[in-house]
Structure formats: structure tokens, C-alpha cells
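K.L.:
Here is my input, please return the structure:
(chains A, B, C and D)
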There are 2 protein chains.
Amino acid sequence: MLKRERQAFILKQINLHNRVLSSDLSTEMQVSEDTIRRDLMELSNTDKLIKVHGGALSKSFHSSFLREDIYQLDAKKQIATKALNLIKDGMFVLTSGGTTIIELARILPPELKATFFTGSIPAAYEYAKHPNIEVIFIGDKISKGSQITVGGEAIMKINSIKPDLCMLGVNAIDITTGVTDNDWDVVQVKKAMVEAASKTAVLTITEKMNTCQKLKICEITQVDYLITEMDHEHDLFKAYANAGIEIL
Amino acid sequence: MLKRERQAFILKQINLHNRVLSSDLSTEMQVSEDTIRRDLMELSNTDKLIKVHGGALSKSFHSSFLREDIYQLDAKKQIATKALNLIKDGMFVLTSGGTTIIELARILPPELKATFFTGSIPAAYEYAKHPNIEVIFIGDKISKGSQITVGGEAIMKINSIKPDLCMLGVNAIDITTGVTDNDWDVVQVKKAMVEAASKTAVLTITEKMNTCQKLKICEITQVDYLITEMDHEHDLFKAYANAGIEIL
DNA sequence: CATTTTTTTGCATTTTTTTGCTTGTTTATG
DNA sequence: CATAAACAAGCAAAAAAATGCAAAAAAATG
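P.N.:
Numbering: from 1, shown residues only, chains lettered A, B, ... in the order given. The predicted model follows:
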């Protein structure tokens, strides 16, 4: 393993777990702890991470603006981990934006070869870091609130593709009202996404389940997978499972 | 085995595995490691890969790692400050990507009302933070190395707009060869940008002036403004000023 | 075609980088 | 305060890189 590769790996681990132990890294990468220490030292000198006794911490974790104030980050990481199971080599995946989707983008395994379509700037940013993923950005006007593209051009573009899977981070899902949201432009785009894809997976924290908002994205029958942080056998999902949705 | 064949093979390996070892390549192709090193050096000079101790890494693999240490940041900030003077309320501005453009995006005054078109993810990200700027993202496939969209869709979209100003961060400019770059896809997009815009401003650190690379973006006559970190009366700019370019 | 020029390649030598190990010191923690 | 883990500094071996040089191959030239 090359030195730079090692350092990149360390940074990735830091971004993923917010901290690393020298001893873990040493065994994971089969090099001496001294080497790890020297790597951590270098990365710390260039302000890539914060060196502490026994390992290192993520910079953003300590001095952070971004990730610290993501609501229920741990739950979203769990959701992302489950969602990974739906993605296979060679797939065409269409994703929305949202913090849950970003977490998913972060943990995509490096070996994964797939094509991702998205209109979300932060998501595209994460996908573009990945070595083997082709990223197609769906352009148009960028909606300030949500950092995703909205508008006719984007919708037309979405209509012209036929992805295997649509990964949708949603704000509200309910067994009778279906999937809903509250930004008109965003809803139009998400509607088009669900229509275009062969299968649709909905990612949400359980807190948002059984709630609804003003604008409908799709019926519950159009959802194929529901992914939350809770165990899939929980009573909460009974009705959804009965409606034919696979709970992960 | 011919030199070109070898280099093509190396690039293929890099695309496949994201990294190569000099020693492996040496045995695989039955040439000395010196030759491999020279090949890697050449490929690194044309930004095809990133040379590291012991071998080389794919550009996409590495781009996330180098992120924070921007070369000559102070100079780029100065350039950005000067470039601000060209942007007026109500303008339609088309921008490329690159670290200099990002600096410009960061310092746009909050009162400014304008519409920005771009195919650069980090640039769009910055523009989207701005309270009064409309951002239109030019979608298509994302080029891993440069984090901007490339391809026919993007070029068609650019051709369909008529912005007042094109802000181009460039890698090489020379009085006789004009503006040049070394990534074919990126060059196509930049070409289209210059063609589309009423006026073109070129942003570059002086270090890149009077250098040229393999692929032409446009003639020097198509450039309206040249923005660098140096005083506009410096001798270095004489020839450019004589060619009718306004030096900022 | 002969010869000059340029490019490419391998080799020997020196220099630098990387890495693991040893020794002594510091730090964390019960 | 005792003890184990983590660290720092220095050293040495190995790997990789840089440098200079010469032979071979390819290209250009008349």
C-alpha cells in the first residue's frame, strides 16, 4: 500500500467515524504504529485532522459547521448502511438530495461501479469523489433551500432516463396520503424521479413516518422499499409491509 | 513495446485499479523502472495521473485528498477581488470551475443581484449560498478530475444561452498560441463558453502566463479582459494590452 | 541510401524517502 | 503512584528517485 493511499484511507475513515485509533489503523493496513503515527502527524500538520493521544479526530467534528448539526446523524448513517444493500454493480441509480442521501454517498464502497444521476449539489460532490462511479448531474435552476436543481429542464431530463432504482430522501410518508413534501418545485422533480425509475426506495427517519405535508409526490403503492433506522420487524411497519413494501 | 502503448496501458491500469506500482508495471511490461518513472512523470505533467512515491494514483481517487491546500491562495484572492469589478447588478454570468473562480464566488457581495451559470460543482455550491444570486447549473456527465460537467448536453445548453460575461479560470495563456488547456472534454466546454458569451474575462496567476499546453480553447483576440494578481502596468502585460485586451 | 540528429532506453552512482526497530520519556488511568 | 500504552528521537536497512552517461533505435535530412 502506497503512503498516499494510506493517508487517503485514514481521512476516509475519519470522515466516516469522526475518529480513528492508531492501533486499529495499524492492523487494518498492516503497517507499524510508528508509520501510522507519522502519517497522522503529516495530516495534522496540513490541518486535515486533529491528532490526539492514541489516534486522531475529525476536524469537522471538533471545529465543525457542517456535520455536527445534522439532525439524528447516527440514525441517518444506519439508514445509509441498510440502503447500500440495494445498490449493485452496474446499476443506474437516481437520487434526490437531503442529508440521508449524502450519508449514503459517503459510505459507498470504493469497489462499487455504478452510474449515479442526481440534481443535488452536495450529493454530486460526494459521488464525484468516488473512484468508480460515473456521475451525471441533472442541470437547471438551483433551489436555494434544498441545493437541488428544479424546473422543466431537469424534469425533462429525468423523463428521458430509465434508472434501475430511485433513492428518495423524504420529509413525510403516510400509509394513506403517501409520500408528501412542502416545496412545489422540489415536489415536481421528485414526482418525475419516482415515475422514471423502475423501483423506488424511500429513506427516512422514523420520526417522519406517519406524517404528511401539503403536496403529494406519490402514492404509497409506488414505493418499493422503505428504509429507516429501526428494526424492520417493528410494529410501526406492519401496515406498510401489508401494502407490499419491503422494509429494510 | 512502444512508448505510447506503454503510457496507454498505464492509464488503463490506473482507470481500472485507481493506482499502479512502478515495480509492477516494470515487470508487466518488461522495461526498467527508470523508464516507468519517466512515463509516469510525463503523464503527471499532463495531469493524467498523480505521481507518488512508489507509483501513481488516479486523479479522481486523489482529488478529494488534495482539496484544502490551494496553491497561491493569496494571489487568487487578489485576482478574485479585481474580477469583482466586472460584475454588475442584473448581469448574466457564465463561469468555469477552478480554484480562482471559487475564490471569486466566495467574495461576491451579498447585495449583488445576478444570474450565474456554471457546470462546476464547487462553484455552484458557493453561488447557492449567496442570498440574491440565481444559479443555473449546466448538467451532464461530471469529469472526475476537474469536478465540472462535460459532454454534448452541457455544450448544447451553453450554446443556447447568451450571457453578458464569461469568467474563465485558465491553465495556460500565451500571446501567440492563445488560451490552452490539456483535458479534451474540458476544452470543448470552455470553447463553447467563450463562443457563447458577449465578453470573456480570463483569470490566471502570472505563473501560468506565457505558457501553453496541447489543446486550444481560443485565440488571444477573443479575450476581452485579463485578470492576474500583478499590477496592470507591469511590463509582462504590454503585448497583451497591445492586442486590445484590458488588463485588470 | 548514408549520415546526422533526436529520441528513447538501460545502467551505475548518489541522494532521498520510507519504514520498522530500539531506547528512553511522557501520558492516561485505575 | 504504578503500570501499560503511546510517543519521540535516532538509527539502519530497503526501496525509490534523481542524475549523468552511453548505447541503441528511430527520425530527419541532404
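K.L.:
Helix or strand with the lowest mean pLDDT in chain A?
P.N.:
Ranking every helix and strand in chain A by mean pLDDT, DSSP states H and E puts helix A:59-63 at the bottom, with a mean of 57.
K.L.:
ok, residue A:27 - how many residues close by?
P.N.:
A total of 11 residues lie near residue A:27 under the criterion other Cβ atoms under 10 Å in any protein chain shown. C-betas here are computed from N, CA, C, even on glycine.
K.L.:
who in chain A is up against DNA strand D?
P.N.:
A:21, A:22, A:23, A:33, A:34, A:37, A:41, A:51, A:52, A:53, A:54, A:55 (Cβ under 7 Å from any atom of the strand).
K.L.:
Repeat the analysis, applying 6 Å as the threshold.
P.N.:
Taking Cβ under 6 Å from any atom of the strand as the criterion, chain A approaches DNA strand D at residues A:22, A:23, A:34, A:37, A:53, A:54.
K.L.:
are any of those buried, and which?
P.N.:
Buried residues within the residues of chain A next to DNA strand D, defined by neighbour count using 16 or more other Cβ atoms under 10 Å in any protein chain shown: A:22, A:37.
K.L.:
and which of the residues of chain A next to DNA strand D is nearest to residue A:139?
P.N.:
Here the nearest of the residues of chain A next to DNA strand D to residue A:139, counting by Cβ to Cβ, is residue A:22; it sits at 44.1 Å.
K.L.:
For the closest one, which residues are in contact?
P.N.:
When the contact criterion is Cβ atoms under 8 Å, 6 or more residues apart in numbering or on different chains, the partners of residue A:22 are A:33, A:36, A:37, A:40, A:54, A:55, A:56.
K.L.:
So what does the fifth one have for phi and psi?
P.N.:
Listed backbone geometry of residue A:54 is phi 100, psi -10, with angles given as degrees, to the nearest 10.
K.L.:
Could you pull up the residues touching it?
P.N.:
A:21, A:22, A:23.
K.L.:
what do you get if the cut-off is 10 Å, keeping everything else the same?
P.N.:
For residue A:54, the contacting residues are A:19, A:20, A:21, A:22, A:23, by Cβ atoms under 10 Å, 6 or more residues apart in numbering or on different chains.
K.L.:
quick one: it and DNA strand C, what's the gap?
P.N.:
To DNA strand C, residue A:54 is 7 Å away according to Cβ to the nearest atom of the strand, to the nearest Å.
K.L.:
same deal with the last one?
P.N.:
The gap separating residue A:56 from DNA strand C is 14 Å, by Cβ to the nearest atom of the strand.
K.L.:
One more: the second one?
P.N.:
Taking Cβ to the nearest atom of the strand as the measure, residue A:36 and DNA strand C are separated by 8 Å.
K.L.:
hmm, who's touching the helix or strand hosting that residue?
P.N.:
Here residue A:36 sits within helix A:33-45, counting by DSSP states H and E. Applying Cβ under 10 Å, 6+ apart, the contact partners of helix A:33-45 are A:3-4, A:6-11, A:14, A:20-29, A:31-32, A:48-52, A:55-56, A:59, B:65.
K.L.:
again, only this time at 8 Å
P.N.:
Around helix A:33-45, the neighbours that count as contacts under Cβ under 8 Å, 6+ apart are A:3, A:6-7, A:10-11, A:22-23, A:25-26, A:29, A:49-51, A:55-56.
K.L.:
From the residues you listed, list the buried ones, please.
P.N.:
Those of those that meet the buried threshold are A:6, A:7, A:10, A:11, A:22, A:25, A:26, A:49, A:50, A:51, A:55, A:56, by 16+ other Cβ under 10 Å.
K.L.:
so after the longest helix seen in chain A, what's the next helix or strand?
P.N.:
When chain A is scanned for its longest helix (criterion: DSSP state H), the result is helix A:3-17. Proceeding C-terminally, helix A:3-17 gives way to strand A:19-21 as the next helix or strand, assigned by DSSP H and E.
K.L.:
And that following strand, what does it pack against?
P.N.:
Taking 3 or more Cβ pairs under 8 Å, 6 or more residues apart in numbering or on different chains; DSSP states H and E as contact, the helices and strands that strand A:19-21 lies on are helix A:3-17, strand A:55-58.
K.L.:
quick check: mean pLDDT across the following helix or strand past it?
P.N.:
Going down the chain from strand A:19-21, the next helix or strand is helix A:22-29, by DSSP H and E. The predicted model gives helix A:22-29 an average pLDDT of 94.
K.L.:
how much distance is there from helix A:22-29 to the middle of the chain?
P.N.:
Its chain's C-alpha centre lies 27 Å from the corresponding centre of helix A:22-29 when counted by Cα atoms, centre = their mean, to the nearest Å.
K.L.:
quick one on the thing from earlier: which of the helices and strands packed on strand A:19-21 comes out lowest on mean pLDDT?
P.N.:
Comparing mean pLDDT over the helices and strands packed on strand A:19-21, the weakest stretch is helix A:3-17, at a mean of 89.
K.L.:
what's in contact with that helix?
P.N.:
A:1, A:20, A:25, A:29, A:31, A:35-36, A:39-40, A:42-43, A:48-49, A:56-58, A:106-107, B:19, B:50, B:52-54, B:57, B:61-62, B:64-65.
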